[in-house]
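Trainee: quick one: sequence plus predicted model below, questions after.
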There are 4 protein chains.
Amino acid sequence: MQSETSRIEAFSDGVFAIAITLLILEVKVPASPQGGLGAALLRQWPSYVGFLLSFAFIGIMWMSHHRMFTLIKRTNDTLLVLNLLLLLGVTVVPFPTAVLAVHLGGPEEKTAAVLYNATFVIIGIMFNILWRYAVARRLIDPSALRSAASMSRQYAFGPIVYLICLALAWVSVKASLALSIGIAIFFALPPGLLVRRK
Amino acid sequence: MQSETSRIEAFSDGVFAIAITLLILEVKVPASPQGGLGAALLRQWPSYVGFLLSFAFIGIMWMSHHRMFTLIKRTNDTLLVLNLLLLLGVTVVPFPTAVLAVHLGGPEEKTAAVLYNATFVIIGIMFNILWRYAVARRLIDPSALRSAASMSRQYAFGPIVYLICLALAWVSVKASLALSIGIAIFFALPPGLLVRRK
Amino acid sequence: MQSETSRIEAFSDGVFAIAITLLILEVKVPASPQGGLGAALLRQWPSYVGFLLSFAFIGIMWMSHHRMFTLIKRTNDTLLVLNLLLLLGVTVVPFPTAVLAVHLGGPEEKTAAVLYNATFVIIGIMFNILWRYAVARRLIDPSALRSAASMSRQYAFGPIVYLICLALAWVSVKASLALSIGIAIFFALPPGLLVRRK
Amino acid sequence: MQSETSRIEAFSDGVFAIAITLLILEVKVPASPQGGLGAALLRQWPSYVGFLLSFAFIGIMWMSHHRMFTLIKRTNDTLLVLNLLLLLGVTVVPFPTAVLAVHLGGPEEKTAAVLYNATFVIIGIMFNILWRYAVARRLIDPSALRSAASMSRQYAFGPIVYLICLALAWVSVKASLALSIGIAIFFALPPGLLVRRK
């Protein structure tokens, strides 16, 4: 028998997979390769930074979603709606990524970076609302209450970190991006390292 | 064992997930940001309204489809065809959304709003045909006949509401959109609220 | 336990779902709506014809694939490759559809219609190769040999019909399209009618 | 019960399916068909070569991934991250394909061919890292250790072959592409042939 949440997971996986794959459509073939194609490709570095960062963040969100739904065992209409609100944030990502790619290094990069980070602040908040609702309504596996509490603490961390990136963008876009890259690497690496050491 | 309807659900989930994620491709990076990127982004509000409304409507349709197929237990070729006709409507949505985003606030917004609402009237009718066929052919779980009857009444409501939006667009596009937004919020919220009160 | 073919089906469903949903991206918002948006939308009828025909054909192919894999129980590397060749045909469809949409009604419509129909002739041949291989290698459910034989006869019909459409395009593109539309309706309707009469 | 790796497989299948289907979006309708549409379509041969090669390579990668995960039985966070890095490579493919399609036959084709082959070298390396990690951490079916060892030898072959294509592109882009096409056919055919002879 299929579990009660399997179709939400399938639909969410679809949206995550499409959003993460559509990102590459915003990396355009250089139009007029002055000074050679190699140079033209290198000049497009903001597109690659945007692509890689957004890929990393959507990938991390997918892993969190995956982990969340290994604990969530039951579903209801509110959970469906909260999950859709989270997916709304995920599907939006290609747009601020494209805005960032066009404006990074230009005079309007601050606005682009704020928009970019604001998107992830909102997604982070959605994540917390979804998770806290699932815990409060006892939709999670009762035997997993302890790891649920530790996940709650971890998820609360998310929007705060993105908010720091956003604030930092007002001071320096480069510093904000560097912090974003650091976060992506931090989120991606430690769990694996921890598992290895166990 | 996989249930008889699981591959229809998987294919439908795929189409819903792709259609809802492609919507963002119609939100373009502002070309010539006169007066600053922030102002240029704000001037694009019709794109955001179209995106959010269509996201909400496709999301609601997915939830309805999900609910429908928790009751539909058997399938046949006619159901496959009726489901494809419903999905035809869903895949079309990015087009009227793009037309609305381009023309909202312009002299042709009435035509765009009529096209937009007509799409959802037709999808609503498809939904009713699919559901009524499944009930009439006894493809649904026999123990769920009562909740099936209540769902039939609910679904009949859908195309009528979209038809009112369409008619209202002839009088005022703004009022029609406001009603659409109201419907999206109404459809998304109450089931959750009802579940909570149970 | 997952069946041996479930991941092929999942991957194929994904490709069918994406190919059928991408078709709408070729229906563009009319650029300069001379004589009103309504007239500009109507002038785009070749786009809608192409979209609807290709949607119908991909939908019918999905149903055939679905039916095929309810009988195919085992898999091997050759079947994976033959299935990929079939999916190659399916993913190509948006291209000849776009060519048809641009050139239908223009001086080059004959070339566009030949390209369009040739795509489906090739897909039809791929379908037959895949199916005949599965039958010959006894990858299908042994209890389904009789219905397999009837399916073999049915599938052989496919490329012949598309070849007739292709040949007819040399004489008259309109007649060819009319036949295509007739085929789409014929393929979509009869099974349902037959089921009803049983 | 769903297997532990089923959601990774579902997400990966989604990404593979979308990446392979998006490739066709880079094959554009010829803009100004000088000398007839037929000639204009033929002049686009670099787009078709790029599309077919990338389709073949993504298809082969999907088959390898599929085969790998029939042996991988357990998962952990590091495996999720390594799988995401592999998928990062897969989602990138439409970009170097588009660059190749634009520049093949032009003065910059060498740079385009190097970029194209470099992408597959990196994906091949990712594949090896993922697989070797799964073997080393004993995430694979213990009864499959022998076939795992033979797969390790096979996978090591991948990046080397792509590296030869890359090196060959410095000498002759045509020879490099010919080798790529040969590899695609070799990878696609032999397993089927071997199975038949068993």
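Mentor: Yes, it's here.
Trainee: pull the helix or strand with minimum mean pLDDT from chain A.
Mentor: helix A:190-197 (a mean of 45; mean pLDDT, DSSP states H and E).
Trainee: how many residues are close by residue A:46?
Mentor: 18 (other Cβ atoms under 10 Å in any protein chain shown). Where you see a C-beta, it was placed from the backbone N, CA and C, and this is true even at glycine.
Trainee: mind checking if the helix or strand harbouring it is in reach of chain B?
Mentor: Element membership of residue A:46, judged by DSSP states H and E, is helix A:45-71. No - residues of helix A:45-71 contacting chain B under Cβ under 8 Å from any Cβ of the partner chain: none, with a closest distance of 11.2 Å.
Trainee: report whether the helix or strand that that helix is followed by contacts chain C.
Mentor: Per DSSP H and E, the first helix or strand lying C-terminal to helix A:45-71 is helix A:77-92. No - figure legend: helix A:77-92 not in contact with chain C (Cβ under 8 Å from any Cβ); closest approach 13.7 Å.
Trainee: which residues of chain A lie near chain B?
Mentor: So chain A meets chain B at A:2, A:7, A:10-11, A:14-15, A:17-19, A:22, A:25, A:76-78, A:80-81, A:84, A:87-88, A:91-92, A:94-95, A:98-99, A:102-103, A:108, A:111-112, A:115 (Cβ under 8 Å from any Cβ).
Trainee: out of those residues, who's near chain D?
Mentor: Restricting these to those touching chain D (Cβ under 8 Å from any Cβ) yields A:10, A:14, A:17, A:18, A:22, A:25.
Trainee: got phi/psi on the residue nearest to residue A:37 when sequence neighbours are not counted?
Mentor: Nearest non-adjacent residue to residue A:37, counting by Cβ to Cβ, 6 or more residues apart in numbering or on different chains: residue D:108, 3.9 Å away. The phi and psi values for residue D:108, taken as degrees, to the nearest 10, are phi -100, psi 20.
Trainee: just give me the neighbour total for residue D:108.
Mentor: By other Cβ under 10 Å, neighbour count at residue D:108 equals 18.
Trainee: any idea how far it lies from residue C:11?
Mentor: Per Cβ to Cβ, to the nearest Å, residue D:108 is found 35 Å from residue C:11.
Trainee: using the three-state scheme, assign the nearest residue to residue A:91 once chain neighbours are set aside.
Mentor: Setting aside the residues directly before and after it, residue A:91 is nearest to residue B:21 in space (Cβ to Cβ, 6+ apart), at 4.8 Å. Of the three states, residue B:21 takes helix under DSSP: H, G, I helix; E, B strand; the rest coil.
Trainee: can you count the residues close to residue A:147?
Mentor: 14.
Trainee: tell me the confidence at it?
Mentor: Here the pLDDT value assigned to residue A:147 is 81.
Trainee: repeat that for residue A:35.
Mentor: The model's pLDDT for residue A:35 equals 79.
Trainee: so it is in which element?
Mentor: Going by DSSP H and E, residue A:35 is not in any helix or strand.
Trainee: would you mind measuring from it to residue C:184?
Mentor: Taken as Cβ to Cβ, the span from residue A:35 to residue C:184 is 51 Å.
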